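Asker: the sequence and its predicted three-dimensional model are supplied below.
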Amino acid sequence: MALLNVTSPHLHKPGNTGAFMRQVIYATVPGIAVLTHFFGWGTLINTVLAVLTALACEAAILKIRQKPIAFYLNDYSAVVTALLLALAIPPSSPWWLTVVGTSFAIVVAKHLYGGLGMNPFNPAMIGYVLLLISFPKEMTTWLPASGVTASTEALNLLQSLQLVFTGQISGVDAFSGATPLDTFRTYAGQPEVLDTNAVLHGLMAGYGWEWVNVAFLLGGIYLIWRRIITWHIPVAMLAAIFFLSGFFNTAVDADNYGSILFHLLSGGTMLGAFFIATDPVTAATSAKGKLVYGAGIGILVYVIRSWGGYPDAVAFSVLLMNLAAPTIDYYTQPRTYGHSKPNKGLAKRS
Amino acid sequence: MSRRIWDIPGGIHPPENKAQSAGVSIRQATLPERVYIPLQQHIGAPAKPIVNVGDRVLKGQKIGEATGFVSLPVHASTSGVVEAIGLHPVQHPSQIDSVCITIKSDGEERWIERHPIPDYRAHSKKEILDRIRDAGIAGMGGAGFPSVVKLGVKSDTKIEQLILNAVECEPYITADDRLMQERADQIVAGLEIMAWLVEPKEILIGIEDNKPHAINAMRKACEGKPIDVVVVPTKYPSGGEKQLIHLLTGKEVRSGGLPADVGVVCQNTGTAYAVKRAVLDGEPLISRITTLTGDAVTHKGNYEVLLGTPVADLLLQAGLQRDRMHRLVMGGPMMGFSIHDPSVPVVKTTNCLLAPTEKEFPDPAPEQPCIRCGSCANACPVNLLPQQLYWFAKAKEFDKAAHFNLFDCIECGACAYVCPSSIPLVQYYRFAKGSIRTAEQEARKSDHARTRFEARKARHEKEEQEKELKRQERAKAAAAKQATKKEAPVKPAPVAADAAPTAVAMPATSATDTAGEPDELTKLQTAAASTMKRYKDAQKALETAEKAGSDHIDALRKKVEQLKAKADAAKDAFIAAKNAAKAEPEAHKPAHDDPLAALKQASADDFNAYKAAEEALQQAEASGSGDLESLRTQVAQLKAKSDASKAAMKEARAKEKEEIQARNAAADPVKQAKMEVAKTQVLLKKARKALEAAQASGEGDIAALTQAVQDAEAANTQAEAHLKQLEGA
């Protein structure tokens, strides 16, 4: 009888890449719930649209590349990309925005680079940046969070569907509202407006958004607990934002620079820190490297938010640090057992 | 008081699966019909058989002798008749057969006379070390490094810790666990012998906390002895030598270094037991404890097995359900090797035989793309970045892989175990390591060839220069003589008038003499110059070809040599003629002036130096003292030197012969032609033989060899035709 002849190790821990990715999907559930609570069904509709688009694109490309379709769809990587992009797109955006962004992310940013594991840039963020540059109006129009004024309510399912697929809602005229980051940016230096604007005054930070960020923080803690990600990137990124915002808010000018909590709990900070910056394919890989990489993203986020042309900056910061990740990896190797110090840089050419 | 335990990075906690085999006492395996004793069961040089087919051997009799410092003897594990000495399947990663001595058991188990040393402290360390070496004891944990090499500590090395590795961190294996539970006293006795040999400051036993019974047994056996039983947390691979040293002492063994460098000697439990048996009982290593486990085995447990017992016999005895067995592994599930043929014998390092079912060890899942999740880096016990090494290995960027410390990988398999994408990472690292080693070997070879070529060129140039110098000296001397001669007849002339006619006649004769000679001389000189020029041209062509890496280098080289011989012959002829013309018979040079004799002398001297060094090394090895490493390098250097000078002498001799032949042949064209025929015939035969050998083995460039044979045939035919022509004429 033929015995299986393979090399050691003969044991393998149960689990595969698909299981790994599914954990990420589970961890977004609190965030999705809070987004839906404050902004209506738009987020869920976006998510479904994005996932379907991503699966279709992935299958088509796999077919063209003559790869086993079911085998690769099972790794859930396309679903995760679609999900993260959908969470970043405003819930009021038209359906085609989601479809364009997702297909670009899967086809160009992922598969044209060689597919899973080969892409140098985070595909979801490439899709996001494409949309932000091409359709700035749609991408920066958010709904007001429900409850921000006494009359604001979240859209119901029908209204959300109408908005996404037709661009208008019968019986409602004004349905757009600025995000806290946008509002702060517009009125920076005008303390009288900043102090009274309800958008900026939730319990801890911007109304509604503070809870979105708390929800993603919880999801992130779950990921660390399940050992899907390590603490290095989020902690370094949040620490960088913490120290920069603390310095400029307290030591420089509180009217022009938002508070620590405002920065930590606004926009895409927590989604970025735990779900986007931690994409292992495009991030730095050693523990030390992850700290450098995460801190770099945090610094860039703060710099672009405070002095750049966009209200939020997670996508640009992540993509810029993606570029730097391979180099960071060369210079942050751990010290191997039996060596007095870690190696640095590339191999010496003999 | 509990000792501090240093943590090692990474590590994994695979299911232990030790309960299946840990609960049953060690059983004696039945005597097999035949045992197959491989000559190599250890790291180092294989043993050399010292018995012949048909010999009767006794149990414990030495049947294979060690062949070097890092080598061990092998012994008959039962009494019987040597039935064969030849290739037999053994466990080998490449499924290569190895030379085994097959003994047909007579069933009597008759021992050879044993010589126990109960009072080893009364003996010299060298005697005890020799006993351990003669008993053929190799590290029984897995690698099989000759234990005596580790125990033979250099006198200038202070050993601080002697560590007994009883961790047994691999899942499924319980051989050491059972041995400790049942024979703790004997293990400790062996450990004490080793402690006496290396004189450590402290003696430590490292055991994982999942073996409480073994821990108790060892603690009891160590009572009142200066031995510390240290319990370490269960984690794979804590039982790696370097890992255990770090756990117990916090010391790190330098990359590429040995534990002795940091004052540690680490030995396996089974090894300690074998040392006890060898010294106190006088029994060589002919059996070991092997765990038989896996769901396809009915009677799981530990067996005391004679080395050389076929795995199939053993499994049969343990109730193997063959149809359920899906793979067969020698060693543990993390680092063991697949066995391709169940007839392979149990060897000194076989701590476990694992026969799992398909459900237990399913086929590896298909490899998914690496997403650099970093699970591998978190599991790595030596702090590597396996995800980066994987990329480098896959892209064949071996220099980068080496820079990321690929060679510090201990191949424990923790990374591959945790990889969610089911990537066989260890396999990639083995591939990269193998490729780098091969490349290094090739680089060494080509370096060697280049040095040889350059040395040869330098030698030839030097010879040329010496010849030229001699020639000039001779010419000078001749000129001086000529001058004195010329002066001589002029001076006496006025004194002896009657001598005048002679004096007048002298120039005349010399004129007539030289009238014929210069003609001949000029011819020879022209011939010498032209052959010299041809030789130089050919040499230039060879150099360009070598630079360009042309295929015809060999042919060109041959041509250059021939032309050189011709040129030398022509030059010699010219010189000889010139000397003859001057009628100045040169005194025979003393022998030591002869370059050949000088070379001979040098060769002999170098050879003697080499032999002397080798003898010194052997003495040092035998005594187990002295700086063996430097002695060994010295021997190697001297051997290289001796070989080189020998080669130089041979070459010079061949050249001289060629010169003589060329000279003789120049006188007799028929003889030359005959010689040419003989030479081409020899070459043809050689080429044919090489081709046949290549065809038989299926190795080598057969097309090139066939071409070589055809060329040789053509050359032979041509030479014969030439000879016939001459003879006809």
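Answerer: Now that the structure is in, tell me what you want to look at. Numbers count the residues shown, from 1 in each chain, chains lettered A, B, ... in the order given.
Asker: how about the stretch 551-700 of chain B: which residue is closest to chain A?
Answerer: B:E629 (19.6 Å; Cβ to the nearest Cβ). Placement of C-beta: from N, CA and C, glycine included.
Asker: what pLDDT is listed against that residue?
Answerer: Listed pLDDT for B:E629 reads 75.
Asker: relative to B:V153, how far out is it?
Answerer: Separation of B:E629 from B:V153 (Cβ to Cβ, to the nearest Å) stands at 14 Å.
Asker: part of a helix, is the residue of the stretch 551-700 of chain B closest to chain A?
Answerer: Yes. Using DSSP: H, G, I helix; E, B strand; the rest coil, the assignment for B:E629 is a helix.
Asker: low-confidence stretches in the stretch 251-350 of chain A?
Answerer: Confidence mapping of the stretch 251-350 of chain A against pLDDT under 70 gives the ranges A:347-350.
Asker: swap the cut-off to 50 and go again
Answerer: Where the stretch 251-350 of chain A drops to pLDDT under 50, the residues are A:350.
Asker: quick one: name the residues of it near chain B.
Answerer: A:280-281, A:283, A:285-287, A:329, A:333-339, A:343, A:346-350 (Cβ under 8 Å from any Cβ of the partner chain).
Asker: show me the helices in the stretch 101-250 of chain A, by range?
Answerer: Taking DSSP state H, counting those that start in this stretch, the helices of the stretch 101-250 of chain A run over residues A:123-134, A:136-140, A:157-166, A:180-187, A:191-196, A:209-225, A:232-246.
Asker: looking at these, which is closest to B:P669?
Answerer: helix A:123-134 (84.6 Å; Cβ to Cβ).
Asker: show me what the closest one is packed up against.
Answerer: Here helix A:123-134 touches helix A:77-88, helix A:95-103, helix A:136-140, helix A:314-331, going by 3 or more Cβ pairs under 8 Å, 6 or more residues apart in numbering or on different chains; DSSP states H and E.
Asker: after the longest helix anywhere in chain A, which helix or strand is next?
Answerer: The longest helix of chain A (DSSP state H) is helix A:42-64. Later in the chain than helix A:42-64, the nearest helix or strand by DSSP states H and E is helix A:69-73.
Asker: and the helix or strand harbouring B:K276, how far out from the chain middle?
Answerer: With secondary structure defined by DSSP H and E, B:K276 is part of helix B:269-280. Relative to the chain's own centre, helix B:269-280 is displaced by 29 Å; criterion: Cα atoms, centre = their mean, to the nearest Å.
Asker: next helix or strand past it?
Answerer: Using DSSP H and E, the next helix or strand after helix B:269-280 towards the C-terminus is strand B:287-293.
Asker: other SSEs contacting the helix or strand just after that next one?
Answerer: Next helix or strand after strand B:287-293 toward the C-terminus (DSSP H and E): strand B:301-306. Strand B:301-306 sits against strand B:27-28, helix B:175-198, strand B:287-293, helix B:311-317, with contacts defined as 3+ Cβ pairs under 8 Å, 6+ apart.
Asker: for B:E83, give me its contacts.
Answerer: Counting by Cβ atoms under 8 Å, 6 or more residues apart in numbering or on different chains, B:E83 touches B:R34, B:V53, B:T102, B:I103, B:K104.
Asker: in the stretch 1-150 of chain A, which residue sits nearest chain B?
Answerer: A:P9 (3.2 Å).
Asker: any buried residues in stretch B:275-289, and which?
Answerer: B:275-280, B:282-289 (16 or more other Cβ atoms under 10 Å in any protein chain shown).
Asker: CA atoms of that stretch as PDB?
Answerer: Taking C-alpha atoms only, stretch B:275-289 is exported to PDB below (Å, rounded to 0.1, in the frame of the first residue of the first chain):
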ATOM      1  CA  VAL B 275      26.400   5.600  28.800                       C
ATOM      2  CA  LYS B 276      25.500   3.800  32.000                       C
ATOM      3  CA  ARG B 277      25.100   0.600  30.200                       C
ATOM      4  CA  ALA B 278      28.400   1.000  28.300                       C
ATOM      5  CA  VAL B 279      30.500   1.900  31.300                       C
ATOM      6  CA  LEU B 280      28.900   0.100  34.300                       C
ATOM      7  CA  ASP B 281      27.700  -3.000  32.400                       C
ATOM      8  CA  GLY B 282      30.100  -3.100  29.500                       C
ATOM      9  CA  GLU B 283      27.400  -3.300  26.900                       C
ATOM     10  CA  PRO B 284      27.600  -1.400  23.700                       C
ATOM     11  CA  LEU B 285      24.600   0.500  22.300                       C
ATOM     12  CA  ILE B 286      22.600  -2.300  20.600                       C
ATOM     13  CA  SER B 287      19.100  -1.500  21.700                       C
ATOM     14  CA  ARG B 288      16.900   1.500  22.500                       C
ATOM     15  CA  ILE B 289      13.400   2.500  23.700                       C
END
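Asker: so who does the residue in the stretch 201-350 of chain B positioned nearest to chain A touch?
Answerer: When distances are taken as Cβ to the nearest Cβ, the stretch 201-350 of chain B reaches nearest to chain A at B:S255, 3.7 Å away. Taking Cβ under 8 Å, 6+ apart as the criterion, B:S255 is in contact with A:T336, A:Y337, A:G338, A:H339, B:N405, B:F407, B:D408.
Asker: ok, back up a step: tell me which of the helices of the stretch 101-250 of chain A sits most buried.
Answerer: Stretch with highest mean neighbour count among the helices of the stretch 101-250 of chain A: helix A:123-134 (a mean of 24; mean count of other Cβ atoms under 10 Å in any protein chain shown).
Asker: shouldn't B:E108 be in contact with B:L58?
Answerer: No. Counting by Cβ atoms under 8 Å, B:E108 does not reach B:L58; the two are 9.3 Å apart.
Asker: what do the two both touch?
Answerer: When contacts are counted by Cβ under 8 Å, 6+ apart, B:E108 and B:L58 are jointly contacted by B:S79.
Asker: and the helix or strand hosting B:A694, what's buried?
Answerer: Counting by DSSP H and E, the element that carries B:A694 is helix B:669-697. For helix B:669-697, burial by neighbour count (16+ other Cβ under 10 Å) applies to B:Q672, B:A673, B:K674, B:M675, B:E676, B:V677, B:T680, B:L683, B:L684, B:A687, B:L691, B:A694.
Asker: which strands and helices lie in contact with the next helix or strand after that helix?
Answerer: For helix B:669-697, the succeeding helix or strand toward the C-terminus, using DSSP H and E, is helix B:702-728. Applying 3+ Cβ pairs under 8 Å, 6+ apart, one finds that helix B:702-728 makes contact with helix B:669-697.
Asker: mean confidence score for the helix it packs on?
Answerer: Averaging pLDDT along helix B:669-697 yields 82.
Asker: which helices and strands sit right next to that helix?
Answerer: Contacts defined by 3+ Cβ pairs under 8 Å, 6+ apart place helix B:669-697 against helix B:628-667, helix B:702-728.
Asker: which residues touch A:P123?
Answerer: Neighbours of A:P123 in contact, by Cβ under 8 Å, 6+ apart: A:T81, A:A105, A:I106, A:A109, A:K110.
Asker: touching, the last one and A:F121? I think so.
Answerer: It refers to A:K110. No. Assessed by Cβ under 8 Å, A:K110 is found out of contact with A:F121, at 9.3 Å.
Asker: re the thing from before, from the contacts of B:E83, which land in helices?
Answerer: Per DSSP H, these never map to helices.
Asker: out of the contacts of A:P123, which is most surrounded?
Answerer: The most crowded member of the contacts of A:P123, judged by other Cβ atoms under 10 Å in any protein chain shown, is A:A105 (32 neighbours).
Asker: A:L291 versus the closest residue to chain B within the stretch 151-300 of chain A, what's the distance?
Answerer: Distances between the stretch 151-300 of chain A and chain B by Cβ to the nearest Cβ are smallest at A:P280, namely 4.5 Å. Using Cβ to Cβ, A:P280 is found at 15 Å from A:L291.
Asker: how about B:E199?
Answerer: B:E199 sits 46 Å away from A:L291, taking Cβ to Cβ as the criterion.
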